[in-house]
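A.B. asks: coords please:
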Amino acid sequence: MADQFSNSQQIRKPAVSSRGGIVASQSRRAAEVGAAVLAAGGDCVDAVVATTFALGTLEPWMSGIGGGGAMVLYRARENRYEVIDYGMRSPNSLRVEDYPLTGGAASDIFPWPRVKDDRNLHGPGSIAVPGVVAGMEEAHRRHARMPWKELVAPGARLAGEGLLVDWWTTLMIASCAVDLRRYPASAAAYLQDGLPPNAQWGIKSVVRLPQDKLQATLEQLAARGPRDFYEGEIARSMAADIKAAGGALSVEDLAAFRAYHREPLAIPYRGGKVFATPELTAGPTLASTLRRLEKWSPGRAPDAAAYTEYALALQAAYRERLSDMGDTDGRRALGAEHLAPACTTHFSVVDKEGNMAAVTQTLLSTFGSKFVTPSTGITMNNGVMWFDPTPGVPNSLAAGKRCLTNYTPVVAETSDGRRLAVGASGGRRILPAVTQLISFAMDFGMDLDAAIHHPRIDASEGATVIGDVRLPAPVHEGLRSRFDYEQARIQTFPMKFACPSVTMRQGEQNSGATESAQPWGDAVAEG
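C.D. replies: Below you'll find the predicted structure:
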């Protein structure tokens, strides 16, 4: 590990506890929106919908209505677990011949051969059919108490304020400025004079980037309902903008899209159960990891033997994932694997009645396609990049195909009656983080404050295992003796580990926590 950072600095975020509901999110302000909905008498799902639209406004590089995702829900009164899957799919009107190979390797997060003009990586040709609005529509239809309009409105108000520029905003925009400047509407939304915006040094100086078109779109979505995104004026505007710029997404693609209500994977573990997303997510690989871990007998606390078991189980599960290559039935292709952190957000919710939600949403790359639709102000995904552009192989690019993903939202039930909603952002690194947080709670009985601050490893990068520098020396020595081992520190950017947000319930007491190195993230209790 070569770095120049302090070895004595400590960053902590104490877990929040309350008998009321809690929202844990990568954005404190979005969590406050969700917590306010809970305080107003909303259900856990009401908070999910409101937090989603707020997040898309506040951190548009991570998620938004131009993306997709999935959630795992626990409904306390029925003692039932369920999944709503709103992952993206390639447009039915996509033409594979529009993505010719040119030789060499792609420049983004998958090891694909390069496509002419990087059409599958950014710009209108990289856009898949977005699912977030359909997912919120399905969740709202099933469980919400509050009107749709009231839940979308806070996101619209935040857009009306403009995107607040602080150092984190500047950093995220700067990381993608070279591609954002390719597209006029994107440059207008996120750059100033073609460059990333900068926060001012003056204590009273505030810089905001106007989001007037996104505000108008959200206000229309609030007033006319979710189907306007797929069948109304918003759909027609989006499709027209994308077609005019040379993309494939059509009004027919949008009108045909629906979210799926699914039974979760129920994974037995340590006398409890872990409920995960099935099929084209990392849920099946989590099941494989936990089956291996259950054969191990944990001690009183995570030691060198425990971290070795984590690494072995994760590496074996990843080998299985990559060898069982397919497009359907939960079988995964190599193309699903992020080689670097992607553009994802995760938040978890618990309400005072014990309903819980683990929600992961993504645009895929940071700022997705880097393409903002001029008429609507929506930052669109680049889900087409999930597919291998090589013809005739598993996960080959094709029309009307569901996208493969790494996200792993989970609700787990421990043997002592606690429940936790957990997930993370971070591409391939999500699964190791979720696995260890489950183990910390279910194998070692940690409360949420202990679990979120406990050092983790990452074993998602092939033979290499990465360990948090805060791990005790015997753990480092044990891992170094068994693996190609590197140390890394918990840091804000670039993150070397995933970024989790978690809620827990024990009896009638709730708690929530987020990754300490994430500068915006917080758990917020209602009231």
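
A.B. asks: where are the low-confidence patches of this protein?
C.D. replies: Filtered on pLDDT under 70, the chain yields the residue ranges 107-109, 322-342.

A.B. asks: can you rerun that using 80?
C.D. replies: For the chain, residues meeting the criterion pLDDT under 80 lie at 1-2, 103-111, 321-343, 394, 403-404.

A.B. asks: what about the longest helix in it?
C.D. replies: Secondary structure assigned by DSSP state H gives helix 304-323 as the longest helix of the chain.

A.B. asks: For the helix or strand that it is followed by, name the packing helices and strands.
C.D. replies: Per DSSP states H and E, the first helix or strand lying C-terminal to helix 304-323 is strand 343-350. Under the contact criterion of 3 or more C-beta pairs under 8 Å, 6 or more residues apart in numbering; DSSP states H and E, strand 343-350 touches strand 22-25, helix 28-39, helix 44-58, strand 356-364, strand 419-425, strand 499-506, strand 509-514. Every C-beta, even on glycine, is put in place using the N, C-alpha and C of the backbone.

A.B. asks: Sheet-wise, list the partners of the last one with their directions.
C.D. replies: Applying DSSP bridges to the sheet, strand 509-514 is found paired with strand 16-18 (antiparallel), strand 499-506 (antiparallel).

A.B. asks: Outside of the longest one itself, list whatever touches it.
C.D. replies: Contact with strand 499-506 is made by 22-26, 346-350, 354, 356, 417-426, 433-434, 437, 441, 447-448, 451-452, 510-515, 517-518, 521, 523, as judged by C-beta atoms under 8 Å, 6 or more residues apart in numbering.

A.B. asks: For ChimeraX, write the selection for the buried entries among the residues you listed.
C.D. replies: Here is the ChimeraX selection string for the buried members of the contacts of strand 499-506, based on 16 or more other C-beta atoms under 10 Å:
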select :22,23,24,25,26,346,347,348,349,350,354,356,418,419,420,421,422,423,424,425,426,433,434,437,441,447,448,451,452,510,511,512,513,514,515,517,518,521,523
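
A.B. asks: Now do stretch 111-122: distance to the chain's middle.
C.D. replies: Distance of stretch 111-122 from its chain centroid, counting by C-alpha atoms, centre = their mean, to the nearest Å, is 23 Å.

A.B. asks: Buried residues of that stretch, list them for me.
C.D. replies: 112, 114-115, 118-122.

A.B. asks: and for it, what are the contacting residues?
C.D. replies: Contacts of stretch 111-122 (C-beta under 8 Å, 6+ apart): 98-108, 123, 125-126, 179, 182, 334-335, 339, 365, 369-371, 382, 384-385, 387-390, 397.

A.B. asks: Tell me where the stretch 51-200 of the chain has strands.
C.D. replies: 68-75, 80-86, 101-105, 113-115, 163-164 (DSSP state E, counting those that start in this stretch).

A.B. asks: Strand partners (parallel or antiparallel) of the second one?
C.D. replies: Yep, that's strand 80-86 we're talking about. Here, using DSSP bridges, strand 80-86 pairs with strand 68-75 (antiparallel), strand 260-262 (antiparallel).

A.B. asks: Show which residues not belonging to the last one make contact with it.
C.D. replies: Spelled out, that is strand 260-262. 82-86, 138, 142, 277-279.

A.B. asks: rerun that using 10 Å as the cut-off
C.D. replies: Applying C-beta atoms under 10 Å, 6 or more residues apart in numbering, the contact partners of strand 260-262 are 70, 72-73, 82-87, 131, 134-135, 138-139, 141-142, 277-279, 402.

A.B. asks: Could you pick out which of the contacts of stretch 111-122 are located in helices?
C.D. replies: Using DSSP H, the members of the contacts of stretch 111-122 that fall within helices are Asp179.

A.B. asks: Let's see the ChimeraX selection covering just the buried ones among the contacts of stretch 111-122.
C.D. replies: A single ChimeraX command is used to select the members of these judged buried by 16+ other C-beta under 10 Å:
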select :99,106,108,123,125,126,179,334,335,365,369,370,371,382,384,385,387,388,389,397
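
A.B. asks: Fine by me, thanks again.
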